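Q: With the sequence up front, the predicted model follows.
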Amino acid sequence: MQFSKVRRRTVHLMIAAGVVMTTLLLTPVASFGAIDISIGISVGAPPPVLPVYAQPMIPGPGYIWTPGYWAWGPGGYYWVPGVWVMPPAPGMLWTPPYWGWSGGRYIFNPGYWGMSVGYYGGVNYGYGYGGSGYDGGYWNNGIFMYNRSVNRLSSRILGNSRYVYNRPVSVINRSRVSYNGGKGGLTYRPSAREQSVANQRRSDPIASQVAHEQAMRGNRNQLANTKGGPQTRAMSTTNARPAVNNTRPAATPARPAATPARPAATAVRPAATPARPAASTVRPAPAATPARPAPTANNARPAANTAKPAPAANTARPAAEDHQNGRKR
């Protein structure tokens, strides 16, 4: 009797565990995303207005435009430039992040990949993201079609009709406000379609997007309060990020590069220094100081001087002759 009770209790526990596991497996990822949002970043002050920037040329077919946005770091708000990204899989679209007012603070709602574009606060990010949905393109049998009216497309894509179409876009607001709710914020509420997307399965940003945001977080030139404002130029791909980031710091490593060049020139001077002793050895060579006595024309000069008194003897001779003549007389 006791054994049967224990057995029934064990069976009940196993059934309960199975129900819990089934619930976890069937729960959409969006539910966990909502939990992450509720414990995510919250700030007391709203983000700045969206900056104006130009979309770069698309790098190739299959890329999807992900617009720039304001993020929060230790230094305050910083700008994450827009970039063309290859989606995780064909058929997936990007829902941009946005800031929303809740509980007296501004909450950051991260972006995600999904089969449909969800709610992003009505923020007009431009280039197909007019505040609701995405009018920049759509998937057609595994090929992404681009709306040429809002995308900057290359001649390679423009020349292929199966990649391009032309259609006016819908914009629900013309404001550059970057947050929803709160003082001065947008008042757009999610539509029925956007509410249904919230229950669909979604994927987090890919690794290159995460690295892109982290790189901007560590770059003080991207802070909203930096002098002259952050760098807002969008990028063709996340691989172009280091090139953009190094435009300013590049001048710094250039100085140390010039520093070793000076010692190089210094090394040339010592090379010239031993050349001086070489020249000094040449000077003693012509220092034919002993050679001067050889052509001592000084000896020749006294010879010439002794030659002068020779005619003096001639004058002496007449003197002797006079004397002799005197005697003869």
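A: Nice, thanks for sending it over.

Q: what about the strands in the stretch 101-250 of the chain?
A: All strands of the stretch 101-250 of the chain, identified by DSSP state E, counting those that start in this stretch, fall at 105-109, 112-114, 137-140, 143-147, 164-165, 179-180, 202-203.

Q: For my notes, please list those in JSON lines and give distance to I58 for each entry.
A: No exception for glycine: its C-beta is placed from N, CA and C like everyone else's. Below are the strands of the stretch 101-250 of the chain laid out as JSON lines (distance: least, C-beta to C-beta, whole Å):
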{"stretch": "strand 105-109", "distance to I58": "27"}
{"stretch": "strand 112-114", "distance to I58": "18"}
{"stretch": "strand 137-140", "distance to I58": "10"}
{"stretch": "strand 143-147", "distance to I58": "7"}
{"stretch": "strand 164-165", "distance to I58": "11"}
{"stretch": "strand 179-180", "distance to I58": "29"}
{"stretch": "strand 202-203", "distance to I58": "22"}
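
Q: nearest to A54, of those?
A: Nearest to A54, of all the strands of the stretch 101-250 of the chain, is strand 143-147, at 16.8 Å by C-beta to C-beta.

Q: Report all helices and strands that that closest one contacts.
A: strand 137-140, strand 164-165 (3 or more C-beta pairs under 8 Å, 6 or more residues apart in numbering; DSSP states H and E).

Q: Show me which positions of it end up buried.
A: 144-147 (16 or more other C-beta atoms under 10 Å).

Q: Also stretch 80-97?
A: Result for stretch 80-97 [16+ other C-beta under 10 Å]: buried residues 80-85, 87, 92-97.

Q: Next: stretch 45-56.
A: Within stretch 45-56, the residues scored as buried using 16+ other C-beta under 10 Å are 46-48, 50-51, 53, 55-56.

Q: of the strands of the stretch 101-250 of the chain, which approaches A192 most closely?
A: strand 112-114 (16.5 Å).

Q: ok, the closest one: who's next to it in the sheet?
A: strand 93-95 (antiparallel), strand 202-203 (antiparallel) (DSSP bridges).

Q: And the buried residues of strand 143-147, which is closest to G121?
A: Closest to G121, out of all of the buried residues of strand 143-147 and judged by C-beta to C-beta, is N147, at 22.1 Å.

Q: okay but the closest one is in contact with Y127, surely?
A: No. Assessed by C-beta atoms under 8 Å, N147 is found out of contact with Y127, at 9.6 Å.

Q: which neighbours do the two share?
A: G136 (C-beta atoms under 8 Å, 6 or more residues apart in numbering).

Q: Tell me which stretches of the chain form helices.
A: 2-26, 29-38, 155-158, 192-197, 207-217, 241-245, 251-272, 275-282, 297-307, 309-328 (DSSP state H).

Q: Least reliable of those by average pLDDT, please.
A: Mean pLDDT is lowest for helix 29-38 among the helices of the chain, at a mean of 34.

Q: residues near Y69, how many?
A: 23 (other C-beta atoms under 10 Å).

Q: brain fart, M115
A: For M115, the neighbour count with other C-beta under 10 Å is 14.

Q: Please report the distance of it from P96.
A: 16 Å (C-beta to C-beta, to the nearest Å).

Q: ok, now Y134?
A: Y134 is 9 Å from P96, where distance means C-beta to C-beta.

Q: Now do G159 against V83, distance only.
A: Per C-beta to C-beta, G159 is found 24 Å from V83.

Q: Of the helices and strands packed on strand 143-147, give the one that comes closest to V210.
A: Taking those one by one with C-beta to C-beta, strand 137-140 is closest: 23.6 Å.

Q: Got the domain ranges for this structure?
A: For the chain, automatic domain parsing gives the domain ranges 1-39, 42-241.

Q: Quickly compare those and say which is most buried.
A: Of the domains of the chain, the one with the most neighbours on average (mean count of other C-beta atoms under 10 Å) is domain 42-241, at a mean of 17.

Q: sorry, back to before: out of the buried residues of stretch 80-97, which comes closest to N221?
A: Among those, P81 lies closest to N221 (C-beta to C-beta), at 11.3 Å.

Q: OK, contacts around that closest one?
A: 53, 68, 216, 231-235, 244.

Q: and which of the residues you listed is nearest S196?
A: Nearest to S196 among those is G68, at 27.4 Å by C-beta to C-beta.
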